[in-house]
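Enquirer: okay, here's the prediction I keep looking at, along with the sequence it came from:
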Protein chains: 4
Amino acid sequence: MIDKKAERRAQILACARNVFARRGYHAAKIDEIVEAAGVARGTFYLYFDDKRAIFAELVDRFLARLHLSIQRIDVEGDIVAQVKSNARAVITLFLQDHAMTKILLTDAPGLDAEFDRKLLAIYEEMLEYLVSSLEEGQSVGIVGPGDARIFAFLTVGAIKELLQQAVRRDFGEDRAEWLADQVYAFLSSGYLRIPPR
Amino acid sequence: MIDKKAERRAQILACARNVFARRGYHAAKIDEIVEAAGVARGTFYLYFDDKRAIFAELVDRFLARLHLSIQRIDVEGDIVAQVKSNARAVITLFLQDHAMTKILLTDAPGLDAEFDRKLLAIYEEMLEYLVSSLEEGQSVGIVGPGDARIFAFLTVGAIKELLQQAVRRDFGEDRAEWLADQVYAFLSSGYLRIPPR
Amino acid sequence: MIDKKAERRAQILACARNVFARRGYHAAKIDEIVEAAGVARGTFYLYFDDKRAIFAELVDRFLARLHLSIQRIDVEGDIVAQVKSNARAVITLFLQDHAMTKILLTDAPGLDAEFDRKLLAIYEEMLEYLVSSLEEGQSVGIVGPGDARIFAFLTVGAIKELLQQAVRRDFGEDRAEWLADQVYAFLSSGYLRIPPR
Amino acid sequence: MIDKKAERRAQILACARNVFARRGYHAAKIDEIVEAAGVARGTFYLYFDDKRAIFAELVDRFLARLHLSIQRIDVEGDIVAQVKSNARAVITLFLQDHAMTKILLTDAPGLDAEFDRKLLAIYEEMLEYLVSSLEEGQSVGIVGPGDARIFAFLTVGAIKELLQQAVRRDFGEDRAEWLADQVYAFLSSGYLRIPPR
DNA sequence: AATGAATGAGTTTTCATTCAT
DNA sequence: AATGAATGAAAACTCATTCAT
């Protein structure tokens, strides 16, 4: 009984997530969210300031989980295993929540200037981590030569697209391991093998 | 006088493109477009059915140019040169039109179900071409082993992200060559070089 | 225990008075009243029918006190003293309760048609008393010639404005005497002294 | 044809004035205003920012006219005539527009903090003019001794009340002269004539 | 062809009041 | 009696689209 409020909040949050994923941010109407949650219009506003706020909370919560799922790489340990483990963790997280994957990758960017700024800040933070990891990798010889930032963009983009397609094709989280392997293979040796003419 | 109509149409189209890029589809108001184009509100509807139609036309036109910029690869010829040439052409096209890049990559997806379907169809078509190219490449040994479709997703995603970041960072088309080289290097040999333990 | 209810009722009433005075009727939210009173939302409705009812009760109670503070003038006695005494009593009452002064003079009129009717009835009653007093005064020669009703309007309006300004300027009830003297002077001889040309 | 917009604007303004006067600010709904004006909901917002804005404009315009109707008194000239002329002009203005009289005197004060501030500033300005006139009058002996500010409050309040009652009783502007005379009489010699005991 | 005033459907949001606990 | 979560009617406001001139 103590957590009735928290439960109700979570329930609305979950329903909103589904509606946002199904319709997209703009086409999602408060009416549809409250109907899905089985509560009255006013109840929604009891728990959330407005439509933007509930959307932001969904994104924030997911980003927090994303943050936690990424482990810093210890160059003293088994690099391959750690890279794969990170890839697997991130991919699993997204495959566990198709709705949030769609929301984060297609609805969140471009919502409005302020939201974009916030999102960009988080994105840049993660990117910087990737860039510095790549640079460190280059200095110890496990990352090939090239512009680390460009590599980071390409890497992130590749994984984002893979996740969107995986969700579209309804991949379960059981495929995370396999996808991580594919990504690893892709990142480690590419696929173009031009024979000498 | 015969082309006065076409000119005015083109002018509205160009202004709409800028407004869409600056504000995003939903925040872009017809008011802002007609003001930018210097025409009356009603005039807009003489040339376009509705807001969605002008947006679709912008996207369609750009997709057509994108289509044209991609050359089928002749396996008898210089593969490397053709791959690089394709990459350079696509990247140049996007870098020439930052507004359309933003529109196509962040606004177009997720607009509404029907638009998404259309976009997806085109996307799938290009993807199929890429997949069949990769499979053909695998059969002649110039593409490494692995799931060709996954490779295609990763490739497309990597380039999409690169383009978005290039636009955000205001890269001119003079950087297309360099970016194409980076992509080529990335696709050909990846960057992870795990030394044997 | 018998008076617990009455106490709580009085407490809510007092808090509502302050909120109404601070915010005005429409801007005063039930939420703010119950928070100020330290009771739950539902509790409010155990003691009062609705928002309008508590407001009406505040006004009614104050009007009752106002009614009581006015003494009928005995023409056999000291007229000046009685007029001044009445003025002092009324002014003191208002200065003792700045909140109710604000509520009665700026919020109560114009609330809604029904409330206005009620208020007007009370107002008319007092006015009639004033008119008949003035007419009686005219018949015994202590009130100058003129339309007694107009005099009554002017008198009431002058005092109303004075009270509003006194409240705005935070006058304490210690100034009641002085203000009553000013009013008396004003009513008795006006201020315009036009010299013969 | 040139002033179609201005006409439509004036028409909405006039209808809004009547609705505000009939219902009061809060009970007046945009729907009722547009229905009275015979225009669509959206048309209202084409001409006015919001409900508050149209109300503010009504008040501002009336206050401007009020300002213009007051003539500075020239002490070299016929004081009585000038005082009466001012009183007549102000009273006539209000009697010409019963709706605005009601709006200005009962709805405008207490609307919201910001509006109140603006109103108070204008009120204070007029009051200062009256106070300085009274003080000047005292220095030349045509105004009796006493606190000029208190006299000003009493004067303004007396007239405000008179106007409200005149409107309630549907006085036409033909009564302005007579009312001005009554006010003059009231201000010049009061009405209390206490005989020595 | 061009204009821009007018439209009104569609949404969000507020807040007094109710009612199960 | 008290609570406070839930309710939903009511209102303001936006903006794509239409249409008379």
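Expert: Yep, that arrived. Numbers count the residues shown, from 1 in each chain, chains lettered A, B, ... in the order given.
Enquirer: SS state for the closest residue to chain C within chain A?
Expert: In chain A, the residue that lies nearest chain C is residue A:46 (11.9 Å; CB to the nearest CB). All C-beta spots, glycine's among them, are computed from the backbone N, C-alpha and C. Classification of residue A:46 by DSSP: H, G, I helix; E, B strand; the rest coil places it in helix.
Enquirer: so residue A:95 touches residue A:177, yeah?
Expert: No - at 10.5 Å, residue A:95 does not count as touching residue A:177 under the criterion of CB atoms under 8 Å.
Enquirer: among these two, which residue is more densely surrounded?
Expert: residue A:95 (20 against 14; other CB atoms under 10 Å in any protein chain shown).
Enquirer: so that one is in which element?
Expert: Here residue A:95 sits within helix A:79-96, counting by DSSP states H and E.
Enquirer: for chain A, what lies in contact range of DNA strand F?
Expert: Proximity of chain A to DNA strand F is assessed by CB under 7 Å from any atom of the strand, with A:4, A:5, A:8, A:39, A:40, A:41, A:42, A:43, A:45, A:46, A:47 identified as the residues in range.
Enquirer: wait, the fifth one touches residue A:34, no?
Expert: Yes - with contacts defined as CB under 8 Å, residue A:40 counts as touching residue A:34 at a distance of 6.6 Å.
Enquirer: who's more crowded, these two?
Expert: More crowded of residue A:40 and residue A:34, by other CB under 10 Å: residue A:34, with 20 against 11.
Enquirer: helix, strand or coil for the more buried one?
Expert: helix.
Enquirer: count of residues packed around residue A:167?
Expert: Residue A:167: 20 surrounding residues under other CB under 10 Å.
Enquirer: actually residue A:76, sorry about that
Expert: By other CB under 10 Å, 6 other residues sit near residue A:76.
Enquirer: name the SS class of it, please.
Expert: coil.
Enquirer: how much space between it and residue A:82?
Expert: Counting by CB to CB, to the nearest Å, the separation of residue A:76 from residue A:82 is 10 Å.
Enquirer: how near is the one residue in chain A that gets nearest to chain D to chain B?
Expert: Nearest to chain D, among the residues of chain A, is residue A:50, at 19.0 Å (CB to the nearest CB). Plainly put, residue A:50 is 16 Å away from chain B if you go by CB to the nearest CB, to the nearest Å.
Enquirer: packing partners of the helix or strand hosting residue A:15?
Expert: Secondary-structure assignment from DSSP H and E places residue A:15 in helix A:4-23. Under the contact criterion of 3 or more CB pairs under 8 Å, 6 or more residues apart in numbering or on different chains; DSSP states H and E, the helices and strands touching helix A:4-23 comprise helix A:30-37, helix A:41-47, helix A:51-69, helix A:98-102.
Enquirer: buried set for the first one?
Expert: Under the neighbour-count criterion of 16 or more other CB atoms under 10 Å in any protein chain shown, helix A:30-37 has A:30, A:32, A:33, A:34, A:36, A:37 buried.
Enquirer: what's the domain layout of chain A?
Expert: Taking automatic domain parsing as the domain assignment, the ranges for chain A are A:1-48, A:50-189.
Enquirer: which one of the ones you listed lies nearest to residue D:67?
Expert: With respect to residue D:67, and counting by CB to CB, the nearest of these is domain A:50-189 at 42.5 Å.
Enquirer: and that closest one, how far out from the chain middle?
Expert: Centroid separation for domain A:50-189 versus its chain: 6 Å, with CA atoms, centre = their mean, to the nearest Å.
Enquirer: and that domain, anywhere near DNA strand E?
Expert: Yes - shown here: domain A:50-189 in contact with DNA strand E (CB under 7 Å from any atom of the strand) through A:50, A:51, A:52.
Enquirer: neighbour-wise, which one of those residues leads?
Expert: Ranked by neighbour count (other CB under 10 Å), the residues of domain A:50-189 next to DNA strand E have residue A:51 at the top, with 18 neighbours.
Enquirer: the host helix or strand of residue A:117 - contacts with which helices or strands?
Expert: Here residue A:117 sits within helix A:113-139, counting by DSSP H and E. Secondary-structure packing of helix A:113-139 (3+ CB pairs under 8 Å, 6+ apart): helix A:51-69, helix A:148-168.
Enquirer: what comes up buried for that helix?
Expert: When burial is assessed from 16+ other CB under 10 Å, helix A:113-139 yields the following buried residues: A:115, A:116, A:119, A:127, A:130, A:131, A:133, A:134, A:137, A:138.
Enquirer: please apply the same query to stretch A:156-169.
Expert: Across stretch A:156-169, burial judged by 16+ other CB under 10 Å covers A:156, A:157, A:158, A:159, A:160, A:161, A:162, A:163, A:164, A:165, A:166, A:167.
Enquirer: residues in contact with that stretch?
Expert: The set of residues that contact stretch A:156-169 without belonging to it, under CB atoms under 8 Å, 6 or more residues apart in numbering or on different chains, is A:87, A:90-91, A:94-95, A:98, A:101-102, A:105-106, A:126-127, A:130, A:175, A:179, A:182-183, A:186-187, B:150, B:153-162, B:164.
Enquirer: cutoff 7 Å now
Expert: Defining contact as CB atoms under 7 Å, 6 or more residues apart in numbering or on different chains, one finds that stretch A:156-169 is touched by A:91, A:94-95, A:98, A:101-102, A:105, A:127, A:175, A:179, A:183, A:186, B:150, B:153-154, B:156-158, B:160-162.
Enquirer: average pLDDT for the helix holding residue A:15?
Expert: Along helix A:4-23, the predicted local confidence has a mean pLDDT of 95.
Enquirer: so is that helix next to DNA strand E?
Expert: No - in terms of CB under 7 Å from any atom of the strand, no part of helix A:4-23 sits within range of DNA strand E; the closest distance is 9.3 Å.
Enquirer: alpha carbons of that helix, as PDB, please.
Expert: The C-alpha trace of helix A:4-23 is given here as PDB (Å, rounded to 0.1, in the frame of the first residue of the first chain):
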ATOM      1  CA  LYS A   4       0.600   2.700  -4.600                       C
ATOM      2  CA  LYS A   5       1.700   6.000  -6.000                       C
ATOM      3  CA  ALA A   6       4.900   4.700  -7.300                       C
ATOM      4  CA  GLU A   7       3.100   1.800  -9.000                       C
ATOM      5  CA  ARG A   8       0.600   4.000 -10.600                       C
ATOM      6  CA  ARG A   9       3.300   6.200 -11.800                       C
ATOM      7  CA  ALA A  10       5.200   3.300 -13.300                       C
ATOM      8  CA  GLN A  11       2.000   2.100 -14.900                       C
ATOM      9  CA  ILE A  12       1.400   5.400 -16.700                       C
ATOM     10  CA  LEU A  13       5.000   5.600 -17.600                       C
ATOM     11  CA  ALA A  14       4.900   2.100 -19.200                       C
ATOM     12  CA  CYS A  15       1.800   2.800 -21.100                       C
ATOM     13  CA  ALA A  16       3.100   6.100 -22.300                       C
ATOM     14  CA  ARG A  17       6.200   4.400 -23.500                       C
ATOM     15  CA  ASN A  18       4.200   2.000 -25.700                       C
ATOM     16  CA  VAL A  19       2.000   4.800 -27.100                       C
ATOM     17  CA  PHE A  20       5.100   6.900 -27.900                       C
ATOM     18  CA  ALA A  21       6.700   3.900 -29.600                       C
ATOM     19  CA  ARG A  22       3.600   3.000 -31.600                       C
ATOM     20  CA  ARG A  23       2.700   6.500 -32.700                       C
END
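Enquirer: if anything else comes up later, I'll come back, but that's it for now.
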